[in-house]
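1. model the following, please.
(chains A and B)
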Amino acid sequence: MDQGINFTYKIESDDFIRAGRVSSEIKKCLSQLHLDSKLIRLVAICAYEAEMNLVIHSYGGEIQLNITNDHIHLTSTDVGPGIKSVELAMKEGYSTASEKAREMGFGAGMGLPNMKKHSDIFSIVSSIEGTTIKMSYLTTPFGGQ
Amino acid sequence: MKVSVIINLINAKLLTETSEDVLNKTLSSAFASDLMSDVLAYVNEDILLITGLAHVQTLRTAEMLDIQVVLFARGKTPDETVIELAKQNNIILLQTAYTTYEVSGILYQAGLPSINCC
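-> Numbers count the residues shown, from 1 in each chain, chains lettered A, B, ... in the order given. The predicted structure is shown next:
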């Protein structure tokens, strides 16, 4: 099976100055692959939301980018503290973001719903040990059929 | 609506380099928000982003969404890092003393519509 190419990016907790750099790198990386610009934008939005979530809410984590022949997979993992209620966190407008995050224009409670909206496949698993969010995108119009 | 027209209507200052291409750049809609979360959620076209948030995350948001023109309202002044990031990503930065409400009113009345949203 095609394993594709993998990239892993570390994200520091509370690093509001560097926040966004990883998503910028991911976007630039995808731009070199001659993919549809709309698709690149969707992946970039999700990467950025995931990155901001790691900076705002987690103790630190990483974003993995996996590119295969017909898919792009984005995975965000962190080492905690976990989401108390995933059901609530998936609701538009629900947020536990800090004042600092809100000053940067975040914490509107749109992050997770936005990631779901902008990906083809979305899954989230959370416990006190950490949260894993997986997002996938089809890169060929007919899924390689 | 051309960037040059926007500049004239709201007496804006261009914070990034000027050129014929910049002044002739045409926008078909605008969105005003200080909440980058909402910009990320609702914008999916090449718009004029009107905001009072002169922060590096505004530029990151614009970069992710391929937004090419950002207007800072109510005289908000970005620092050098923000301007540098705009230059790196070919984003045009404008600044005006008008409030977000005034800017939106003036540009809307002059024919620049909102995005299709919500």
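2. how about stretch A:123-135, does it reach chain B?
-> No. Using Cβ under 8 Å from any Cβ of the partner chain, stretch A:123-135 stays clear of chain B, with a minimum separation of 14.2 Å. C-beta: built from backbone N, CA, C; applies to glycine.
3. skip the chain neighbours and tell me the closest residue to the residue nearest in space to the middle of chain A.
-> The centre of chain A sits closest to residue A:50, judged by Cα atoms, centre = their mean, with a distance of 3.1 Å. Distances taken as Cβ to Cβ, 6 or more residues apart in numbering or on different chains place residue A:76 nearest to residue A:50, at 4.0 Å, with adjacent residues excluded.
4. quick check: phi and psi at the one you found.
-> Summarising the backbone geometry of residue A:76 under the convention degrees, to the nearest 10, its torsions are phi -110, psi 120.
5. ok, now how distant is it from residue B:84?
-> To residue B:84, residue A:76 is 28 Å away according to Cβ to Cβ, to the nearest Å.
6. when those two are compared, which one has more neighbours?
-> Residue environment comparison for residue A:76 versus residue B:84 gives the larger neighbour count to residue A:76, 25 against 14, counting by other Cβ atoms under 10 Å in any protein chain shown.
7. which residues does the more buried one contact?
-> Contacts here follow Cβ atoms under 8 Å, 6 or more residues apart in numbering or on different chains; on that basis residue A:76 touches A:50, A:51, A:53, A:54, A:61, A:62, A:63, A:64, A:131, A:132, A:133.
8. and it, bridged to which residues?
-> For residue A:76, the beta-bridge partners under DSSP bridges are residue A:63, residue A:133.
9. I figured residue A:4 hits residue A:65, correct?
-> No. Counting by Cβ atoms under 8 Å, residue A:65 is not a contact partner of residue A:4; they are 9.6 Å apart.
10. more crowded one of these two?
-> For the pair residue A:4 and residue A:65, the greater number of neighbours falls to residue A:65 (21 against 14), based on other Cβ under 10 Å.
11. and what about the more buried one, helix, strand or coil?
-> strand (DSSP: H, G, I helix; E, B strand; the rest coil).
12. quick one, helices of the chain?
-> Answering for chain A, as no chain was given. When secondary structure is read from DSSP state H, chain A shows helices at A:21-31, A:37-57, A:86-89, A:99-103, A:111-117.
13. sorry, should have said chain B
-> B:3-9, B:20-24, B:36-42, B:56-65, B:80-88, B:100-109.
14. in CSV, list the C-alpha atoms belonging to the first one.
-> Included here for helix B:3-9 are C-alpha records, laid out as CSV according to Å, rounded to 0.1, in the frame of the first residue of the first chain:
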residue,chain,number,x,y,z
VAL,B,3,-8.0,49.2,-4.5
SER,B,4,-7.3,52.7,-5.8
VAL,B,5,-11.1,53.5,-5.5
ILE,B,6,-11.2,52.1,-1.9
ILE,B,7,-8.2,54.2,-1.0
ASN,B,8,-9.9,57.3,-2.3
LEU,B,9,-13.3,56.6,-0.7
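15. for it, name the packing helices and strands.
-> Counting by 3 or more Cβ pairs under 8 Å, 6 or more residues apart in numbering or on different chains; DSSP states H and E, the packing neighbours recorded for helix B:3-9 are helix B:20-24, strand B:69-72, strand B:92-95, helix B:100-109.
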